[in-house]
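Novice: Next comes the sequence, and after it the predicted model I'd like to discuss.
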Amino acid sequence: MIYTDTRDNSVKVDFKTAVMGGMNQKTGGLYIPVQFPKLNSDLLNKDPAPSFRDIAFNMAKPYVEGEIPDDDLAAIIQDAYPFQPKVVPLDSISYVMELFHGPTCAFKDFGARFMARTMSYFNRNEDTPLHILVATSGDTGSAVGSAFHGVPGLDVTILYPEGKISPLQEKQLSTFTGNVRALKVKGTFDDCQKLVKTAFTDNQLREKLRLSSANSINIARLLPQSFYYMYSSLVVRNRAAMDNKIHDPAIIMVVPSGNFGNLTSGLIAKEMGAPIEGFTAATNSNKTIPDWIATGDYNARPSVETFANAMDVGAPSNYERIKAMYTLDQVRQMFASYWQDNDGIMKSIKDCNDKTGYIIDPHGAIGWAAWDSIRSGAMNDLVHGIKNDYNKPGLTPNIPCWAQKVIDKKAVGVILETASPAKFGSIVTEAIGKEPPMPSRLEEVMRLPDRAIPMENDYNKFKEWLLANL
Ligand SMILES: *Cc1c(COP(=O)(O)O)cnc(C)c1O
């Protein structure tokens, strides 16, 4: 597969260059494949759906063709995915796609574990370590740290905004040993991301250290996230006839979004033939993308803190990929977009539990709120000219091409549950008056000692530290 660059489509690189470089240093652009080959129709039409790993292998194959032989790819997939997504029905037209059954209990395990194994594969003949720098608003760091921990030849430094992530998330980040460490930065997630981005464009630093990224800008994180969209859309398509007597429903993927890596992966799955009709982009008060969809103006801004903190992103990196793949008009056709403030998040956690019995986390809760609003009349209002003020929580005023299918009750919503509710235990407990069950792998991490290293929000200090310690 050939990969090009969002800022210069004359760029042509192979998978290894795209993965190991993270982004194109020369242009500052992000890599994307020049095409998205359709999954073969035998797999697409299979009922029951193929296994998750079968789908993963067959979707990954064209992107690594000529660079990773089939046997090695199969081993990578096998090793990366001892867990899989789980599709849970909420009611007759709503499903949850649970993406938190990996080691760190958030969807980022899917991307990080594939990326770690492909990087390790490409690094196998090198004799200097590859240094991964990663900025995290919560779940990225632990997924990446866990995915790379103990992998020879690779070394990981995680930057997170001190005090701005949940205590459990902080514990998950700050307790690594060996080749993985965390810096707690006095600043926001955007500050952390800026430190990392500045390091990548610092030639003096790059002469001394081989650097790579692991944020959702890396194509090796983005591609594997498309596997679970494909898998879940096939599962839902096959069982919807039983659950709700809708044959061939219009499947709407409802995606709690921050940096928009997850949603971009959904777009890739759709391009590859997944039976997905459209998307709902659900954000917290960091509504840069909903504002863009509503007004046509894209204004990156500083992030604000919310209860859904893994989505506290004011300048979503993958906007650049979405823009490279589609026009604004196409985006408005394909997407509904919805945002919710902190009050709304608390109400939605409770509302979901009251109506369905399901315990949802603060990120997934915005997805639930979006879908529940869409199917309970908000889309009908839009179609009939009653437009929502997009400055208030709710849907943006664009009417996606699938709106009528929702009104005609031919659509089902699949809400991506991006983290286990136990990772946000105190918020969830406050919302519903009972504690979500705690997976044992989270209980274990709470008992480990904290090893995070304090860091100023100052590029020169950060650089000094890197040079002295790596
Ligand atoms: C990272 C994260 C998100 C946002 O995903 P993006 O790919 O950045 O849009 C949503 N929910 C949780 C729990 C996350 O960890």
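Specialist: Received the coordinates, thanks.
Novice: Residue of the stretch 1-150 of the chain closest to the ligand, please.
Specialist: As assessed by CB to the nearest ligand atom, the ligand sits closest to D139 within the stretch 1-150 of the chain, at 3.1 Å. C-beta here means a position set from N, CA and C on the backbone, and glycine is covered the same way.
Novice: Surely that residue touches T104?
Specialist: Yes. When contacts are counted by CB atoms under 8 Å, D139 is listed as touching T104 (6.8 Å).
Novice: returning to what we had before: burial of the residue of the stretch 1-150 of the chain closest to the ligand, as a residue count?
Specialist: Close neighbours of D139, defined as other CB atoms under 10 Å, add up to 28.
Novice: Just want to check the distance between it and S233.
Specialist: Distance of D139 to S233, given as CB to CB, to the nearest Å: 23 Å.
Novice: quick one, strands of the stretch 101-250 of the chain?
Specialist: 130-135, 154-161, 180-185, 211-213, 250-256 (DSSP state E, counting those that start in this stretch).
Novice: most tightly surrounded among those strands?
Specialist: A comparison of the strands of the stretch 101-250 of the chain by mean neighbour count, using mean count of other CB atoms under 10 Å, puts strand 250-256 on top with a mean of 27.
Novice: which residues are contacting that one?
Specialist: Residues external to strand 250-256 that are found in contact with it (CB atoms under 8 Å, 6 or more residues apart in numbering): 229, 233, 236-237, 262-263, 266, 275-283, 308, 311, 336, 363-364, 366-368, 370-371, 374, 402, 405-406, 410-416, 418.
Novice: give me that answer again for 7 Å
Specialist: Residues from elsewhere that reach strand 250-256 (CB atoms under 7 Å, 6 or more residues apart in numbering): 229, 233, 236-237, 262-263, 266, 275-282, 308, 311, 363-364, 366-367, 370-371, 402, 405, 410-416, 418.
Novice: and it, which strands flank it?
Specialist: Paired strands of strand 250-256, with direction, are strand 278-283 (parallel), strand 411-417 (parallel) (DSSP bridges).
Novice: what does the average pLDDT come to for it?
Specialist: Computed over strand 250-256, the mean pLDDT rounds to 98.
Novice: Kindly state the pLDDT recorded for S137?
Specialist: Reported pLDDT for S137: 69.
Novice: near the ligand, which residues of the stretch 201-350 of the chain show up?
Specialist: S216, P256, S257, G258, N259, F260, G261, N262, A310, M311 (CB under 6 Å from any ligand atom).
Novice: and those residues, which of them are in strands?
Specialist: Among those, the members found in strands (DSSP state E) are P256.
Novice: Among the residues of the stretch 201-350 of the chain next to the ligand, which one lies nearest to D297?
Specialist: Checking these against D297 by CB to CB gives F260 as the nearest, at 16.9 Å.
Novice: Around that closest one, how many other residues sit close by?
Specialist: When neighbours are counted by other CB under 10 Å, F260 registers 25.
Novice: where's it relative to A281, distance?
Specialist: When distance is defined by CB to CB, F260 is 7 Å away from A281.
Novice: Need the overlap of contacts for the two.
Specialist: I289.
Novice: State the distance spanning the first to the last residue of stretch 281-296.
Specialist: The straight-line separation of the ends of stretch 281-296 (CA to CA, to the nearest Å) is 16 Å.
Novice: That should have said stretch 334-345, apologies.
Specialist: 25 Å.
Novice: again with stretch 435-445
Specialist: Using CA to CA, the gap from the first to the last residue of stretch 435-445 comes to 18 Å.
Novice: Identify all contacting residues around it.
Specialist: Defining contact as CB under 7 Å, 6+ apart, one finds that stretch 435-445 is touched by 103, 105, 168, 171-172, 175, 359, 420-423, 425, 428-429.
Novice: switch the cut-off to 8 Å
Specialist: Here stretch 435-445 makes contact (CB under 8 Å, 6+ apart) with 103, 105, 168, 171-172, 175, 359, 361, 420-423, 425, 428-429.
Novice: out of those residues, what pair is the most spread apart?
Specialist: Among those, T175 and I359 lie farthest apart (CB to CB), at 25.7 Å.
Novice: Can you give me the distance of Y326 to the ligand?
Specialist: As judged by CB to the nearest ligand atom, to the nearest Å, Y326 and the ligand stand 17 Å apart.
Novice: can you start the count at 19 instead of 1 from here on
Specialist: In the new count, where the first residue is 19, that last one comes out as Y344.
Novice: show me the contacts for P68.
Specialist: L61, N76, Y249, L252.
Novice: Between those residues, which sits nearest Y21?
Specialist: Comparing these against Y21 with CB to CB picks out N76 as the nearest, at 19.5 Å.
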